[in-house]
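In: using only what follows, build the 3D model:
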Amino acid sequence: MEIVFRQNLVKSEQPVEEKKIQYDKYGHTYVAGINVGRALLADKFSEEDVVRWKDIQDNEGPLKMIYDRLCGLSSDGFPDEFSSGQSMSLFDFFYLVEKGDIVNPQQALNAADAKQQVENGNWSTFFKHATVYGQSINTAEYMKSLPTIQHLYEIGLVKPNGSLMDTNDMMSLLQQKKDEEQKIRLDRAHIYQVEKPVLEMNTSEKMKQGYRNSI
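Out: Predicted structure coming up:
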């Protein structure tokens, strides 16, 4: 199974219909009947993507293994002693990795530094000793995901301490984006209110001049 980073692989241009997104009493989100945890970006997921990501999750594909290690999850899927227990949703992770856009500019590294972080993380050694459901993995196939890991650093998904951005980080970024969009709307409205009288006056003068010229 080859899972490598591909720009804009995610079908974000066709998000799932809002009516197909449901929530249970525990706060879990369901897209097309599939539990995507507490995903904050569920409205951007396509059904096709969710089905594919669920397969990666069930089969412990490379992206799932990378996610677990960056979140500090143990082999049984629960946070270990170094985890905050508030990990980013797995499906948000899948979406952001495949979309490929910079998530956090403040944490984004250049290619050389990102590659060094991958080497420092001993990912090659990790894959050589990794197992899935007690069975050895095809190390060569999982090693093909090293460029994907490097890209995680390049788009700022990994924090300076080496852990994956958590839910609180994601919520802060989303709120920041909303605030910036709101500011842009207010600035545009202010500019319009300032320029509107001038535009109206110029239009009036042009109409008057046009009338005078026609006499």
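In: for stretch 95-105, buried residues please.
Out: 95-100, 103-104 (16 or more other Cβ atoms under 10 Å). C-betas here are computed from N, CA, C, even on glycine.
In: just the residues you listed: which are in strands?
Out: Among these, DSSP state E puts none in strands.
In: ok, so of those residues, who is nearest residue 66?
Out: residue 97 (8.6 Å; Cβ to Cβ).
In: which one is the residue nearest in space to the middle of the chain nearest to, not counting chain neighbours?
Out: Residue closest to the average C-alpha location in the chain (Cα atoms, centre = their mean): residue 96, at 2.6 Å. Residue nearest to residue 96 in three dimensions, not counting chain neighbours: residue 103, with 5.6 Å by Cβ to Cβ, 6 or more residues apart in numbering.
In: surely that neighbour meets residue 157?
Out: Yes - checked against Cβ atoms under 8 Å, the pair residue 103 and residue 157 is within contact range at 5.4 Å.
In: overlap in contacts of these two?
Out: Common neighbours of residue 103 and residue 157 are listed as 96, 165 (criterion: Cβ atoms under 8 Å, 6 or more residues apart in numbering).
In: list the buried residues in the host helix or strand of residue 53.
Out: Assigned by DSSP states H and E, residue 53 belongs to helix 47-58. By neighbour count on 16+ other Cβ under 10 Å, the buried set for helix 47-58 is 47, 49-50, 52-54, 56-57.
In: make CSV out of these and add pLDDT and distance to residue 153.
Out: What follows is those, written out as CSV (pLDDT from 0 to 100; distance: Cβ to Cβ, whole Å):
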residue, pLDDT, distance to residue 153
47, 93, 30
49, 95, 23
50, 96, 26
52, 96, 24
53, 97, 21
54, 96, 26
56, 95, 21
57, 95, 23
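In: appreciated, that's everything.
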